[in-house]
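A.B. asks: Okay, predicted coordinates and the sequence, questions at the end:
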Amino acid sequence: MRLYEFQAKEMFAKHGIKIPRGRVVDTSEQAVDIAKELGVPVAVKAQIRVGGRGLAGGIKFARNPEEAKELAAGILGGTLKKEDVDRVLVEEKIPIESEYFAGVTIDYQRKALAVIASSRGGVDIESIALEHPGEIVKEEVDPSIGLTDFGARRIGKKVGLEGRNMLSFANTLKSLYSILLGYDATLVEANPLALAADGSFVAVDAKIVLDDNASFRHRELFSELETHRKTPSEGAGLRKALAEKAEIPTYIERGGNMGIIADGAGTGMLTLDLTRDHGGDVETYCELGGRANPELIEEAMKIVLSNEKVCFLLINLIGGLNRMDEMAKGITSYLSKEKGLKHEPGAQIVVRMSGTLEEEGRMILREAGVDSFDNIYEAIEKAVGLARRS
């Protein structure tokens, strides 16, 4: 379950991470009061549990209290990214020197805790990975030791920081790591983590995703979240919500006519890069976090193919612990239940599978009329070729 920004920031503050001064409100009159209290230009930010608010008009800046009231009135009571907006966060606008990315997450593919940092903040880490992969620092953390001072400082140096800035950045990383462990989170992220004009680091935005399976240890927090949780009724917002409910760690809609489902982050990024290199136009990217099973594959296909823009689906599976015959059963189970596809199943879905019991898996797919390959390049050429001819 993803927290609202203001809730994540409250946790950040408790763990020593500096956040902008401000408060969450539910009326425009309260917004003007907060802006007067702060006495500086403010940001008025819609509180919803999906990303991309800025581009959708959910983050606006006010030069004075009356403007803050006007902006809050325009946001409150509306919908954004298919979510109702009943609260806004009014906070001081931070003068930013530069923006960084700092986060801690669970790498399901490697079954490890990982710290991720970059000197390019303010955009999704997926976008950084696609456009500037060399500027991402990722280091695994041994949970028996934890994130040490030395390890955190090393990461700070790798993103180009020195002296006090490096030490401050390292302390922020350690705090993010403490939050992940203390609240049973799967992701804790400050993006952007801004280097302010006064030399301090400030979490301008905050993201925390909690593990629903640990809700019994945080009943009060989960109860509060459920009170305000609303599922979009249609479109991309609904698909994103369904992916989150299924505990699919990465679901992105970009634009195009192809979909990609991969069973791990590394596999997924490779598939996406190669598909784009071959001229594929990817609409939906779905990564299952290295814990694929037949039920999750089936659910992912259901979500991705409910998007009418996706006419061709490429599934890339590498079997280590996962059995490819079981993965194939998940794919064919979906096909046996879903009707009315835009093309025949064998023409619409291409599968690459390699690993444990792959021959058995390919036999199951062949009987269902689904093209499958061992070679990733052949699978991509097939899928992109189909998409080009559509």
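C.D. replies: Right, received. Where do you want to start?
A.B. asks: Next SSE downstream of the lowest-mean-pLDDT helix or strand in the chain?
C.D. replies: Within the chain, no helix or strand scores below helix 345-348, which has a mean of 51 by mean pLDDT, DSSP states H and E. Scanning forward in sequence from helix 345-348 by DSSP states H and E, the next helix or strand is strand 349-355.
A.B. asks: For the next helix or strand after that following strand, name the packing helices and strands.
C.D. replies: Using DSSP H and E, the next helix or strand after strand 349-355 towards the C-terminus is helix 358-367. Judged by 3 or more Cβ pairs under 8 Å, 6 or more residues apart in numbering; DSSP states H and E, helix 358-367 is in contact with helix 324-337, strand 349-355, strand 371-373. Every C-beta, even on glycine, is put in place using the N, C-alpha and C of the backbone.
A.B. asks: can these go into CSV with extra columns for distance to F150 and mean neighbour count?
C.D. replies: What follows is the helices and strands packed on helix 358-367, written out as CSV (distance: least, Cβ to Cβ, whole Å; neighbours: other Cβ atoms under 10 Å):
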stretch, distance to F150, mean neighbour count
helix 324-337, 41, 20
strand 349-355, 37, 24
strand 371-373, 45, 21
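A.B. asks: how about these, which one is nearest I116?
C.D. replies: Closest approach to I116 among the helices and strands packed on helix 358-367 (Cβ to Cβ): strand 349-355, 26.5 Å.
A.B. asks: and the closest one with helix 324-337, angle?
C.D. replies: 160 degrees (axes from the mean of the first three to the mean of the last three Cα atoms, to 10 degrees).
A.B. asks: List the contacts of the residue minimising distance to the centre of the chain.
C.D. replies: Nearest to the centroid of the C-alpha atoms of the chain, with distances taken as Cα atoms, centre = their mean, sits T250, at 5.2 Å. Contacts for T250 (Cβ atoms under 8 Å, 6 or more residues apart in numbering) come out as E126, A265, G268, Y285, C286, E287, G289.
A.B. asks: circling back to that earlier point, out of the helices and strands packed on helix 358-367, which comes closest to A383?
C.D. replies: The closest of those to A383 is strand 349-355. By Cβ to Cβ, the value is 4.2 Å.
A.B. asks: Parallel or antiparallel, which strands does that closest one pair with?
C.D. replies: Its sheet considered, strand 349-355 pairs with strand 312-319 (parallel), strand 371-373 (parallel) by DSSP bridges.
A.B. asks: Out of those, indicate the one that is most buried.
C.D. replies: Mean neighbour counts were compared across the strands paired with strand 349-355 using mean count of other Cβ atoms under 10 Å; the top stretch is strand 312-319, at a mean of 25.
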